[in-house]
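**Q** Need a 3D model of the following:
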Amino acid sequence: MPVPNPSLCVETLYNDHHGWLRGWLRRRLGDAHQAADLAHDTFVRLLSRDEHVAIQEPRAYLTTIAQRVVANHWRREKLEQAYLEAIAQDPQALALSPEDRAILLETLVEIAGLLDGLPVLVKRAFLLTQLDGLNHAQVAEELGISVTTVKRHIARAARQCYFPDALPVKA
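**A** Numbering: from 1, shown residues only. The predicted model follows:
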């Protein structure tokens with residue numbers, strides 16, 4: 001039995017539900033242009049899947065994917081706003097070319113995505129060592145936890161960054 005071509009399935013979904021999805025996103029975001037962009041991103045995400053998925057409820061399926069796309073969009077906006085606020089405080093220290101700024105923001109978004117789902121203390125311990133350059137004792141003092149716990153948190157976050165597709169390890 002031949003395997004269905006995933007791009008044909010996406011084409012059918014697009015033809016049948018793109019207008020509805022764009023309207024659904026516009027009602028939630030209040031911006032028709034942003035809704036069109038995120039509807040497009042939703043279908044791009046579908047096209048990038050390797051496996052074929054049997055979809056019984058297309059609108060529910062598209063809604064789930066679109067909600068993830070919107071969450072990623074908001075996360076990116078939040079990171080970009082934090083970056084712009086940091087630049088406003090010390091513009092000379094962070095004077096980057098537009099290309100370097102785009103690369104930095106993409107990297108921050110990727111790191112945030114990799115750390116997503118980890119407990120706040122694990123993220124903070126990791127970021128304090130990696131971005132602020134604090135040693136384990138300083139992080140322990142800052143967070144009010146033991147050095148051993150700091151090491152465990154950093155190892156957990158590093159595992160998540162280096163091996164994001166691995167099964168989660170109980171810690």
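**Q** Counting neighbours, what do you get for R152?
**A** 15 (other C-beta atoms under 10 Å). The way it works is simple: take the backbone N, C-alpha and C, and place the C-beta from them, glycine included.
**Q** Backbone dihedrals for G133, please?
**A** phi 70, psi 20 (degrees, to the nearest 10).
**Q** I'd like the distance between it and V109.
**A** 22 Å (C-beta to C-beta, to the nearest Å).
**Q** From the contact counts, what lies against the longest helix anywhere in the chain?
**A** Looking across the chain with DSSP state H, the single longest helix is helix 58-89. In terms of contacts (3 or more C-beta pairs under 8 Å, 6 or more residues apart in numbering; DSSP states H and E), helix 58-89 is packed against helix 6-29, helix 32-47, helix 98-115.
**Q** Please point out which parts of the first one sit buried.
**A** Spelled out, it's helix 6-29. Across helix 6-29, burial judged by 16 or more other C-beta atoms under 10 Å covers 6, 9-10, 13-14, 17-18, 21-22, 24-26, 29.
**Q** got the angle between it and helix 32-47?
**A** Helix 6-29 runs at 150 degrees relative to helix 32-47, counting by axes from the mean of the first three to the mean of the last three C-alpha atoms, to 10 degrees.
**Q** how's the protein carved up into domains?
**A** Following automatic domain parsing, one gets these domains for the chain: 1-95, 117-171.
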